[in-house]
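S.K.: I would like the atomic coordinates for the input below:
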Amino acid sequence: MQTEATPLAHPIEGRVIAAELRRLGVSHVITVPDTLQRTLITAIAEQGDPVLLPVATEDEAVGINAGLYISGHRPMLLVQNTGFFASLNTLRAIAVEAQVPTLMFVGEFGRDVTKPVSEHTSPRVRVIQPTLHAWDVPFYRLDSPADLPHVEAALRESYERRGPVVVLIGAATS
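M.R.: Now for the predicted structure:
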């Protein structure tokens, strides 16, 4: 008899995260839609606040985030790990060097929640944390409902350090 592995990350309801973003005063969620965060995207769209802005690329999202921030808004990004890697140069130029607060929710597409991320064969899962360390980008994990306070801490840190902070979404939102 084979036993089922215990999950290391658990779903969080999209509507709960959306309500937290509203409570924290996030004005816009710029997204290259992520299937892992589908219910969060739906909840944001249904609640209407913050404003949901779907875009075509992560580079575009980083630029729009900067424009909204400069014009007095409090935006954030919602992307997938593969897109995060694709946007590193733009993130470096705009969020790091221009010192634009950039909160990013990054869905860990391809993650097997029964394995530690360090044991994954897929680089998109296994190397995101080392990449964040190498780029000196602080990150938080949102692996269970108990981790919800990390959203406020990440947003605050992004504004305090005037740069990027990532929240890794470990399991599909429910």
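S.K.: please give the element, helix or strand, for the spatially most central residue of the chain.
M.R.: What sits nearest the mean C-alpha location of the chain, by CA atoms, centre = their mean, is residue 105, with 0.7 Å. If you go by DSSP states H and E, residue 105 is part of strand 102-107.
S.K.: wait, residue 21 touches residue 28, no?
M.R.: No - judged on CB atoms under 8 Å, residue 21 makes no contact with residue 28 at a distance of 10.0 Å. Bear in mind the C-beta positions are built from the backbone N, C-alpha and C, glycine included.
S.K.: checking residue 137 next. Helix, strand or coil?
M.R.: Look at residue 137: counting by DSSP: H, G, I helix; E, B strand; the rest coil, its state is coil.
S.K.: so what's it up against?
M.R.: Applying CB atoms under 8 Å, 6 or more residues apart in numbering, we find residue 137 in contact with 163, 164, 165, 166.
S.K.: tell me where the chain has helices.
M.R.: Remark: helices assigned in the chain by DSSP state H are 14-23, 38-47, 58-70, 81-86, 88-91, 123-126, 128-134, 149-161.
S.K.: residue 4: which of the ones you listed is closest?
M.R.: Go through the helices of the chain one by one with CB to CB and the one that ends up closest to residue 4 is helix 123-126, at 20.3 Å.
S.K.: pull the residues that contact that closest one.
M.R.: Residues external to helix 123-126 that are found in contact with it (CB under 8 Å, 6+ apart): 81, 82, 85, 108, 109, 110, 111, 117, 118, 119, 120.
S.K.: now list the buried members of those.
M.R.: Those of these that meet the buried threshold are 81, 82, 85, 108, 109, 110, 111, 117, 120, by 16 or more other CB atoms under 10 Å.
S.K.: from residue 82, how far out is residue 44?
M.R.: As for residue 44, its distance to residue 82 is 21 Å (criterion: CB to CB, to the nearest Å).
S.K.: equivalent analysis for residue 88, please.
M.R.: Separation of residue 88 from residue 82 (CB to CB): 12 Å.
S.K.: and residue 33, what pLDDT?
M.R.: According to the predicted model, the pLDDT of residue 33 comes to 86.
S.K.: tell me the contacts of it?
M.R.: 41, 54.
S.K.: burial measure for residue 25, as a count.
M.R.: Burial of residue 25 is recorded as 11 neighbouring residues (other CB atoms under 10 Å).
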